[in-house]
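Trainee: Show me the folded form of this:
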Amino acid sequence: MKWEEKYTREQQPDFSDVDTYIGTEEWMKLFHELTEEIGAKSKLEYSGCSIPGWNVKFKKRGKSVCTVYPQENKFQVLVIANKEHQTEIEAVIAKSDKSIQKAYEHYDFMNGGKWLIYDVDSPLLLEQTLQLIQFRLIK
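Mentor: Below you'll find the model as predicted:
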């Protein structure tokens, strides 16, 4: 059953439901890294946007770090690539997985950033995602 069918707007999941549904080591490592190492706050929110359903938003100092969209045995992540760090970000993306490169090419800059949305289903993609997230943490 799809995530958005299992957990409707009226039936909010908790974090243990997210852990069970995604069920990957990459998710557990990302959650730990963001909440324990970086100190980001996590919050479940319902969205009716292009990726509908409950998602997990991570913020630090009121600034979005990333958003996770649960999928069965994997997850999608949204990381915003800031235009102010475009040169450094493009250097990281040039060495990253093709799915990240494709996500970067998919959108133009809008309101000072590009939305990178892609699946995280391997340790390599997790590592590269954490590299991109570091640019969101620069003051």
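
Trainee: pLDDT (mean, whole number) over the helix ranked longest in the chain?
Mentor: Using DSSP state H, we find that the single longest helix of the chain is helix 123-136. Averaging pLDDT along helix 123-136 yields 97.

Trainee: Tell me the buried residues in it?
Mentor: Judged by neighbour count (16 or more other Cβ atoms under 10 Å), helix 123-136 contains these buried residues: 125, 126, 128, 129, 130, 131, 132, 133, 135, 136. (C-beta placed from N, C-alpha, C; glycine too.)

Trainee: What sits closest to residue 112 if chain neighbours are left out?
Mentor: residue 83 (5.0 Å; Cβ to Cβ, 6 or more residues apart in numbering).

Trainee: distance of the one you found from residue 91?
Mentor: 15 Å (Cβ to Cβ, to the nearest Å).

Trainee: Please export the C-alpha coordinates of the strand or helix carrying residue 20 as PDB.
Mentor: Assigned by DSSP states H and E, residue 20 belongs to helix 15-22. The C-alpha coordinates for helix 15-22 follow below in PDB (Å, rounded to 0.1, in the frame of the first residue of the first chain):
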ATOM      1  CA  PHE A  15       8.200   8.400  13.500                       C
ATOM      2  CA  SER A  16       8.100   4.700  14.200                       C
ATOM      3  CA  ASP A  17       5.700   4.300  11.200                       C
ATOM      4  CA  VAL A  18       8.100   6.200   9.000                       C
ATOM      5  CA  ASP A  19      11.000   4.000  10.200                       C
ATOM      6  CA  THR A  20       9.000   0.800   9.500                       C
ATOM      7  CA  TYR A  21       7.700   2.000   6.100                       C
ATOM      8  CA  ILE A  22      11.100   3.200   4.700                       C
END
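
Trainee: which residues touch that helix?
Mentor: Here helix 15-22 makes contact (Cβ atoms under 8 Å, 6 or more residues apart in numbering) with 3, 6-7, 13, 27-28, 31, 42, 44, 56, 70-75.
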